[in-house]
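S.K.: The following comprises the amino acid sequence and a computationally predicted model.
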Amino acid sequence: MIVNRMKYLGLMILSCSLFYASIRLEAGDFDQQRRSSRMSEQVRGSVNRLKSFSDESVLKQYAPDPQREKELQRLLPNYQVTKKGTSSRDVRDRAIVRLRRTELTKSGRQTSNKVLEDLSLYRRLPEIRFEVNPETYEYFIGHPDVVVSLWQAMGISAMQLRQTGPFQYEMDNNDGTKSEMFYLRRSKTTNIIYCRGEFKSPLLKKPIAGSGVLCLHSKFEKQKDGTIFVRHSADVFITFPNAAIETAARMISPVSNYISDRNFQEISLFMHTISLTMARQPSWLQQMADRLKNVHPDRSQELRQVILNNYQENQKRLATRWDISERPAM
């Protein structure tokens, strides 16, 4: 359960896979109104498919869905799960070494070491490769409050996420789950987040306290046609205050692992579809940017600029592609 929440937060950054789309849209495929509606459905769908332990019905339906994966691959060829999630000891040990070698501030190092020294659960979330505008990806990773406010503007989430200081946030999931989130490192390729709080689950009688570190690793790949993909995954390290809570968490880990993996995929899918929407139908998202609430006053204008930059870069890429294709053979 903690794993699920940590990922859910961390990748809001995401972070970023909100994400199962009903159709792949190319520029010019539909008239403006119809295209805007389809893009809206695509983005909303990915958020609505996020799962948590707040809904008991979810626990009865956590079996993998191969048909859904095949459909995603057919409809969204530029979105792919390249590696499955795992909790293997070898992967965990390598992830610990990687985190210990990552440059952090003195306080950040102390915080991460404390989690590693009392480590209760570990999960390597799936590796996912998808097309995305780098500026869009970076902006959402660094401003999770904007992502949550955007969900609220769309009317698809009641979650509250408020920035309380530089790289610090407070979350209230409106189900009794509350937590604090701190960035220990922010860079283009590595983002490390510490989270602590109390979490609720219908599987447990009382809320349980926990803390953890999420390490998001990202690598951008530029294709010959100018399309840019990101390949990212995350390591999640969780610690609990006592052995009883740890035992309870381990008992439900098969479910929490599945949910956290699935949510990471959905958040990544959100990042993919929102980036495509900015590039192909920016007007709808510009309207959403004007509806942001509970964020810094500058965020709406910042988001509008990110949307505009994404659209303009895509237009330049398309223009270059057409220019090359129309040149006569020498």
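M.R.: Okay, I see it. Numbering: from 1, shown residues only.

S.K.: drop to CA atoms for contacts and neighbour counts, all remaining ones
M.R.: Noted.

S.K.: Please tell me I have it right and residue 82 contacts residue 125.
M.R.: No: look at residue 82 against residue 125 with CA atoms under 8 Å: they stay out of range, at 11.2 Å.

S.K.: quick one, which of these two is more surrounded?
M.R.: Counted by other CA atoms under 10 Å, residue 82 and residue 125 do not tie: residue 125 has more neighbours, with 27 against 14.

S.K.: Just give the nearest non-adjacent residue to that one, would you?
M.R.: residue 85 (4.5 Å; CA to CA, 6 or more residues apart in numbering).

S.K.: That neighbour: neighbouring residues, count only.
M.R.: Taking other CA under 10 Å as the criterion, the count of residues near residue 85 is 21.

S.K.: for the chain, what's the longest strand?
M.R.: As assigned by DSSP state E, the longest strand anywhere in the chain is strand 208-222.

S.K.: Next, the buried residues of that one.
M.R.: 208-218, 220 (16 or more other CA atoms under 10 Å).

S.K.: and of the residues you listed, the nearest to residue 258?
M.R.: When the buried residues of strand 208-222 are compared for distance to residue 258 (CA to CA), residue 214 comes out closest, at 16.7 Å.

S.K.: Please report the distance of the closest residue to that closest one other than its chain neighbours from residue 86.
M.R.: The shortest distance from residue 214 to any residue other than its chain neighbours is 4.6 Å, reached at residue 236 (CA to CA, 6+ apart). Counting by CA to CA, to the nearest Å, the gap from residue 236 to residue 86 is 11 Å.

S.K.: Quickly list what's touching both of the two.
M.R.: 123-125 (CA atoms under 8 Å, 6 or more residues apart in numbering).

S.K.: Could you save those residues as CSV and add columns showing secondary structure?
M.R.: Below are the shared contacts of residue 236 and residue 86 laid out as CSV (DSSP: H, G, I helix; E, B strand; the rest coil):
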residue, secondary structure
123, strand
124, strand
125, coil
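
S.K.: which among those gets closest to residue 133?
M.R.: residue 125 (21.9 Å).

S.K.: Just to check, that closest one is in contact with residue 217?
M.R.: No: using CA under 8 Å, residue 125 is not in contact with residue 217; the gap is 10.7 Å.

S.K.: what sits in contact with each of these two?
M.R.: Joint contacts of residue 125 and residue 217 (CA under 8 Å, 6+ apart) are 233-234.

S.K.: does residue 183 count as helix, strand or coil?
M.R.: Secondary structure assignment for residue 183 (three-state DSSP): strand.

S.K.: Tell me the bridge partners for it.
M.R.: Residues in a beta bridge with residue 183, per DSSP bridges, are residue 193.

S.K.: Spit out the contact partners of it.
M.R.: Counted by CA under 8 Å, 6+ apart, residue 183 has contacts 167-168, 191-194.

S.K.: Which parts of the stretch 201-330 of the chain are helices?
M.R.: Using DSSP state H, counting those that start in this stretch, the helices of the stretch 201-330 of the chain run over 243-251, 253-280, 282-289, 299-326.

S.K.: Of all those, which one is nearest residue 163?
M.R.: The minimum distance between residue 163 and the helices of the stretch 201-330 of the chain falls on helix 299-326, with 11.7 Å, by CA to CA.

S.K.: same for the closest one, what does it pack against?
M.R.: helix 134-142, helix 253-280, helix 282-289 (3 or more CA pairs under 8 Å, 6 or more residues apart in numbering; DSSP states H and E).

S.K.: mind giving me a markdown table with the ones you listed and columns for mean neighbour count and mean pLDDT?
M.R.: Output for the helices and strands packed on helix 299-326, formatted as a markdown table (neighbours: other CA atoms under 10 Å; pLDDT from 0 to 100):
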| stretch | mean neighbour count | mean pLDDT |
| --- | --- | --- |
| helix 134-142 | 20 | 96 |
| helix 253-280 | 26 | 88 |
| helix 282-289 | 18 | 91 |
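
S.K.: Now distance to residue 311 too, for those, in JSON lines please.
M.R.: Below are the helices and strands packed on helix 299-326 laid out as JSON lines (distance: least, CA to CA, whole Å):
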{"stretch": "helix 134-142", "distance to residue 311": "11"}
{"stretch": "helix 253-280", "distance to residue 311": "4"}
{"stretch": "helix 282-289", "distance to residue 311": "7"}
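
S.K.: Figure out which of those helices is closest to residue 67.
M.R.: helix 253-280 (14.4 Å).

S.K.: residue ranges with poor pLDDT in the protein?
M.R.: In the predicted model of the chain, residues 1-65, 68, 71-72, 175-176, 200-205, 248, 252, 323-330 satisfy pLDDT under 70.

S.K.: at 80 instead, please
M.R.: Applying pLDDT under 80 to the chain flags the ranges 1-76, 156-158, 173-177, 199-208, 242-256, 321-330.

S.K.: partner residues bridging residue 121?
M.R.: Beta-bridge partners of residue 121, as defined by DSSP bridges: residue 238.

S.K.: and if you look at residue 160?
M.R.: residue 172.

S.K.: Let me see the contact set for it.
M.R.: Contact partners of residue 160, counting by CA under 8 Å, 6+ apart, are 148-149, 171-174.
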